[in-house]
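Undergrad: Structure for this input, please:
(6 chains)
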Protein chains: 4
Amino acid sequence: MAKVDRRIIRTRALLRDALMALILEKGYDAVTVQHITDRANLGRATFYLHYKDKEELLVKSLESVFDELVETLGPPAVANELSGSPVLAVFVHAQENSDLYRVLLSGEGSAKLYGRIQAYIANEVMNRLFPILPKERPFPDDLLANYLAGSLLSLTSWWLENDMPYSADQMTETYRQLTFLGLANFVGISPSNMVIQPKNE
Amino acid sequence: MAKVDRRIIRTRALLRDALMALILEKGYDAVTVQHITDRANLGRATFYLHYKDKEELLVKSLESVFDELVETLGPPAVANELSGSPVLAVFVHAQENSDLYRVLLSGEGSAKLYGRIQAYIANEVMNRLFPILPKERPFPDDLLANYLAGSLLSLTSWWLENDMPYSADQMTETYRQLTFLGLANFVGISPSNMVIQPKNE
Amino acid sequence: MAKVDRRIIRTRALLRDALMALILEKGYDAVTVQHITDRANLGRATFYLHYKDKEELLVKSLESVFDELVETLGPPAVANELSGSPVLAVFVHAQENSDLYRVLLSGEGSAKLYGRIQAYIANEVMNRLFPILPKERPFPDDLLANYLAGSLLSLTSWWLENDMPYSADQMTETYRQLTFLGLANFVGISPSNMVIQPKNE
Amino acid sequence: MAKVDRRIIRTRALLRDALMALILEKGYDAVTVQHITDRANLGRATFYLHYKDKEELLVKSLESVFDELVETLGPPAVANELSGSPVLAVFVHAQENSDLYRVLLSGEGSAKLYGRIQAYIANEVMNRLFPILPKERPFPDDLLANYLAGSLLSLTSWWLENDMPYSADQMTETYRQLTFLGLANFVGISPSNMVIQPKNE
DNA sequence: TCCTAAGCGAGACGGTACGTCTTGTCTTCCA
DNA sequence: TGGAAGACAAGACGTACCGTCTCGCTTAGGA
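TA: The predicted structure follows:
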């Protein structure tokens, strides 16, 4: 078994922490490898012993952050009974790591990253929500998963950028109302120019 | 009045076209100023006579693309009666410029860009939709606008990445159903773990 | 015709001078490109606009130094009558550039360089001396040329390393006596163990 | 007395052999410590347990090669009667180790090395030749020793680089003729521009 | 129609970051 | 204790872009 040198653990933690701190300070694009290693008190060459480039460090580092989130969710099978809403978990996690999320979701994070997070959430939606929905669904699963993930991230972005004016519970409820009940329930009408004829072909 | 040299028009058009072509070929980040000017048969220094950097050229260039879209929408005031759904217009525009949208929305576009587009759409939503909604709305306007814009972009992304398996009309209807009628209308239930108690404070 | 930017001339001169100064200070191997450009007040990248690496700068720079020497020799054809001894010219040139020669010939210069100089001199010997020697020569021309060049450099090395205890004239005469008259003329004997039987085959 | 671990002997031999093989393959400068230890199947750190750097290993290794040569010469005192020409011994040794000499003398060897070998030979010349020469000598001893050593190395270089077209005996004779009898004996003249007036001061 | 200010091509230059390579030191384990 | 393995700091390498800056050429549009 590959026994990992304890120094490696330490070095990687230093790099991860330095990267996170620097992203929050100046945005992902503006951070250089030199900055990271300076902050971590490591040689620049050492960086390359562990990661191919900035991107790889970021991805590996985020994995550990999101692994935390996934752990709080528990196994998909029993999620709906035991562990409360996974949506709530996302808002809570975002609240606890608000600095990080703020950077990732809007402004300075790389677009690749945003897409990756959305895909990640969409995947979780598929695993957790769909098993408890009726078999018959009028839309393709991945369309739906993508839509729900995108909506969730939009709300989260707005929430963080406006300094979290509501509680995580309230945001969860808002999300539920918007996605499950629909706007019509609240505004009373479907505006006329939204009513279009189904394409006849 | 300072009459603008025709060469300036020409040069800027060449730069814009070169940038667009190159983004489609290799993604925004991978494009360099040198690439752009090579493609446009211009000197690199010439680029800087017109734009501060790649970003500025991109933004200015996209403006012209989206101005096109806005023109098809017509003035907000009469939108709901005359010009059909603005949502449909977005899907149609995305279809007509699918290569461009694909790059912008997923993968290689800069995150800043994505945010800017979302904000742009959110703004249009505010201008066009809200005047025809009831005055009383249970959510903050910008939350709603952001949510609707995010949902629209999510659907558009999914659509383009899956090679547009539906018509623009169908996507518009899907969007309407999801956002206005809500998921509950289709799946019949609001899953139990989504029902949470409003925070009492 | 390629009109060379005057800045280029200036930049190359700065680089050459910086290299020479630094070689004298710390030896060729210890000089880095960064050192050179720092000394020359130029950006490091600028170096690479002009030379592939340190070696190329050195070679190109030495060419200009030795071109100077060759100019004082004049054309080979008339060398023996008009311009005095080319050997003397070498000693004089070495004296005038003693710092440089000291570095090149012993110690810190690269071996490649030493070989190149010897080859250069050997070539000049062929061009200048052989035309005025009798046609019949008992040794191959390049053996002889190499021998004479090597001897000359050996003497020059010794001379410089011992702080030039003789004049350039005296060194020239010494060289002439050793190579043309031979040791036997001065020590009277050919030591017994040097007398070997010609190989009969 | 500290009995030297047999493993140490073995390790050093491996390092020496690896270095020699690699120098022949790619030249001294291009060889790295990593290359050496890879070839020797040793850890890189092990190298530094035994030698300060590449240079030290080289010098120590060459000592053993040249110790061989010195052994064939026997003690200086009786050299002239018993052991044949030391010059011949050099040519023979060079022939037997021609690959090594080729690298050391021309092209890729370090200049420091070349100088060291020349100094080594000059020293032997002083010890072996001068005792059998007349007391009165018109040139400083070290000038002479250096000259003879330089000439010998020049000839050896030429010989090896031209694939040894003559026997070691013939080279020895050539050397004797050139250095002891002088060129004048063969070409008949001392060219006019070599005749210079002694400097009167 | 000329002339003059401008646009432009060409490319040198100072910078900054990159990812790679080598060196020499150190520490931890194994035989 | 000698050696293997390899983490690490240091720092040079050559490359790639960036944005700025001249320098001349050419050319459009006002005199």
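Undergrad: Excluding covalently adjacent residues, which one is nearest to the most centrally placed residue in chain A?
TA: Centroid check for chain A by CA atoms, centre = their mean gives A:Ile117 as the closest residue, at 4.6 Å. Closest residue in space to A:Ile117, ignoring its immediate chain neighbours: A:Leu104 at 6.6 Å, by CB to CB, 6 or more residues apart in numbering or on different chains. Any C-beta I mention is one placed from the backbone N, CA and C, and that applies to glycine too.
Undergrad: helices and strands around the host helix or strand of the one you found, which ones?
TA: Using DSSP states H and E, A:Leu104 sits in helix A:98-105. With contacts defined as 3 or more CB pairs under 8 Å, 6 or more residues apart in numbering or on different chains; DSSP states H and E, helix A:98-105 has these neighbours: helix A:6-26, helix A:111-128, helix A:141-161.
Undergrad: Might you report the residue contacts of A:Ser64?
TA: With contacts defined as CB atoms under 8 Å, 6 or more residues apart in numbering or on different chains, A:Ser64 is in contact with A:Arg16.
Undergrad: measure it to C:Asp38 for me?
TA: From A:Ser64 over to C:Asp38 the distance is 42 Å, taken as CB to CB, to the nearest Å.
Undergrad: do A:Ile132 as well
TA: Taking CB to CB, one finds A:Ile132 at 68 Å from C:Asp38.
Undergrad: how long is stretch A:24-41 end to end?
TA: End-to-end distance of stretch A:24-41: 19 Å, with CA to CA, to the nearest Å as the criterion.
Undergrad: And chain B, is that stretch touching that?
TA: No. Figure legend: stretch A:24-41 not in contact with chain B (CB under 8 Å from any CB of the partner chain); closest approach 8.6 Å.
Undergrad: Pull the residues that contact that stretch.
TA: By CB under 8 Å, 6+ apart, stretch A:24-41 touches A:11, A:14-15, A:17-19, A:21-23, A:43-44, A:46-48, A:53-54, A:57-58, A:99-100, A:103, A:107-110, A:113.
Undergrad: just the buried members of the residues you listed?
TA: Buried subset of these (neighbour count, 16 or more other CB atoms under 10 Å in any protein chain shown): A:11, A:14-15, A:18-19, A:21-23, A:47, A:54, A:57-58, A:100, A:103, A:108-110, A:113.
Undergrad: Does the helix or strand where A:Tyr175 lies reach chain B?
TA: Per DSSP H and E, A:Tyr175 falls inside helix A:168-176. Yes. Against chain B, helix A:168-176 shows contacts by CB under 8 Å from any CB at A:169-170, A:172-174, A:176.
Undergrad: Would you mind checking the average pLDDT for stretch A:134-143?
TA: Confidence for stretch A:134-143, expressed as mean pLDDT, is 83.
Undergrad: That one spans what distance, first to last residue?
TA: 16 Å.
Undergrad: Would you mind listing the buried residues in that stretch?
TA: In stretch A:134-143, counting by 16+ other CB under 10 Å, buried: A:139, A:143.
Undergrad: and what of stretch A:142-151?
TA: Those would be A:143-151, for stretch A:142-151 by 16+ other CB under 10 Å.
Undergrad: send the alpha carbons of stretch A:61-68 over as CSV?
TA: Written as CSV, here are the backbone C-alpha positions of stretch A:61-68 (Å, rounded to 0.1, in the frame of the first residue of the first chain):
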residue,chain,number,x,y,z
SER,A,61,-9.5,21.4,-3.7
LEU,A,62,-13.1,21.9,-4.5
GLU,A,63,-13.7,18.2,-4.5
SER,A,64,-12.8,18.2,-0.8
VAL,A,65,-15.2,21.1,-0.1
PHE,A,66,-18.1,19.5,-1.9
ASP,A,67,-17.3,16.1,-0.5
GLU,A,68,-18.2,17.7,2.8
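Undergrad: List the buried residues in it.
TA: A:61-62, A:66.
Undergrad: roughly how far out does the host helix or strand of A:His93 sit from the chain middle?
TA: Taking DSSP H and E as the definition, A:His93 sits inside helix A:86-96. Centre-to-centre, helix A:86-96 and its host chain are 10 Å apart (CA atoms, centre = their mean, to the nearest Å).
Undergrad: does any bit of it sit next to chain B?
TA: Yes. Applying CB under 8 Å from any CB, one finds helix A:86-96 touching chain B at A:86-88.
Undergrad: In a markdown table, list the residues you listed along with neighbour count, pLDDT and distance to C:Asp163.
TA: Output for these, formatted as a markdown table (neighbours: other CB atoms under 10 Å in any protein chain shown; pLDDT from 0 to 100; distance: CB to CB, whole Å):
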| residue | neighbour count | pLDDT | distance to C:Asp163 |
| --- | --- | --- | --- |
| A:Pro86 | 25 | 84 | 86 |
| A:Val87 | 25 | 88 | 88 |
| A:Leu88 | 20 | 90 | 88 |
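Undergrad: May I see those residues arranged in TSV, with distance to chain C as well?
TA: Listed next are those as TSV, based on distance: CB to the nearest CB, whole Å:
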residue	distance to chain C
A:Pro86	52
A:Val87	52
A:Leu88	54
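Undergrad: Turn the residues you listed into a markdown table, columns for distance to A:Met164.
TA: As requested, the residues of helix A:86-96 next to chain B are exported to a markdown table (distance: CB to CB, whole Å):
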| residue | distance to A:Met164 |
| --- | --- |
| A:Pro86 | 19 |
| A:Val87 | 16 |
| A:Leu88 | 14 |
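Undergrad: for the closest residue to A:Ser151 other than its chain neighbours, what are its contacts?
TA: Nearest non-adjacent residue to A:Ser151, counting by CB to CB, 6+ apart: B:Ser151, 5.0 Å away. By CB under 8 Å, 6+ apart, B:Ser151 lies in contact with A:147, A:150-151, A:154, B:175, B:178-179.
Undergrad: Which pLDDT value does the model give B:Ser151?
TA: So B:Ser151 comes in at 94 (pLDDT).
Undergrad: swap in A:Ser64?
TA: 82.
Undergrad: helix or strand for it, which one?
TA: Assigned by DSSP H and E, A:Ser64 falls in helix A:54-73.
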